[in-house]
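[1] here is the input, now give the coordinates:
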Amino acid sequence: MKTAEVIAAPVQIHISAGNAKLGKIPNFSLVPGRTCSAEACKTCLKQGCYALKSYRLYPSVKKAWDDNTAAAVENLPALEAELNRYFSGMNAPRFFRLHVAGDFVSREYAAMWARVMEKAPHTNFLAFTKQFDIIRGVQFPVNASVVLSAWPGCDIPADLRSLYSVAWLDDGTDTRIPADAIPCPGNCEHCGACWGLAQRKIDVCFAKH
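    Modelled structure (predicted):
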C-alpha cells in the first residue's frame, strides 16, 4: 500500500494514495482492532479482517497506521492542524475516505474530524463505523457521509438507524437488508455512490467474499 507522508513534526501522519478497491481516492487509517468497537471485535475482526492481515504483513503499512493512531490518541491538536493544512492545500481531494482500517477511537477524535470536514467544504468524506456510542451526538457536516457498518448479528441502535445509512454485509443470512440497498460494484473511484448515501437516505450492501 502506497502512503504519502504529510508532515514530519510535531506529529507524523500518513495519508494513503489509494488502493485496489478505492482507486486513487486518498484515505486515512488507524490500527485495526486497537481502535475498533467491542462489536467489531466479535464480528468482522474475528471473522476475517483484511486490514489486520495488511497490518501484520507489510511493515510500511504497520508504521503508517501506528503513527496515525499515536497522533489520534496522544496529540489530537497537532493531528487536527495537519489535517486542516492538507485539506486547505491546492491538491485537496474531491473525495476522501476515513478508516480503510480502524475506526473512530474516541468522541474527541470524531468531533475533531467533524471540525476538519466543516472547514473543507469542497471535499466529500466517507466513513464506515461500528463505533456507535462514540459517534452518537457528534454533528457531522453535510459533506460527510457517515455510514453504520453492520455484519449479520450486529445490532443497529434505533436512534442511530433513523439518522444514518447502513452498510450491510450480505452473506445470505441477514434478512434486514432493504430491497433498495445499493449493491457495491467493487470500485469506489468509478462508482462513488457511498459518498452520497446520507443525501439519498439509502443503504449499501457488500457481498461477503
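[2] so which residues of the protein form strands?
    Secondary structure of the chain by DSSP state E: the strands cover 3-7, 13-16, 27-28, 95-98, 124-129, 144-150, 165-170, 182-183, 204-207.
[3] these: which one's closest to residue 79?
    With respect to residue 79, and counting by CB to CB, the nearest of these is strand 13-16 at 6.4 Å. No exception for glycine: its C-beta is placed from N, CA and C like everyone else's.
[4] for that closest one, the distance to its chain's centre please.
    13 Å (CA atoms, centre = their mean, to the nearest Å).
[5] check stretch 106-121 too.
    Once both centres are worked out by CA atoms, centre = their mean, stretch 106-121 turns out to sit 13 Å from its chain's centre.
[6] make a markdown table from the strands of the chain and add distance to residue 136 and mean pLDDT to it.
    Formatted as a markdown table, the strands of the chain follow (distance: least, CB to CB, whole Å; pLDDT from 0 to 100):
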| stretch | distance to residue 136 | mean pLDDT |
| --- | --- | --- |
| strand 3-7 | 29 | 44 |
| strand 13-16 | 26 | 91 |
| strand 27-28 | 22 | 95 |
| strand 95-98 | 17 | 96 |
| strand 124-129 | 11 | 96 |
| strand 144-150 | 11 | 94 |
| strand 165-170 | 15 | 92 |
| strand 182-183 | 25 | 92 |
| strand 204-207 | 21 | 90 |
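[7] out of the ones you listed, which gets nearest to residue 190?
    Here strand 95-98 is closest among the strands of the chain (CB to CB), at 11.6 Å.
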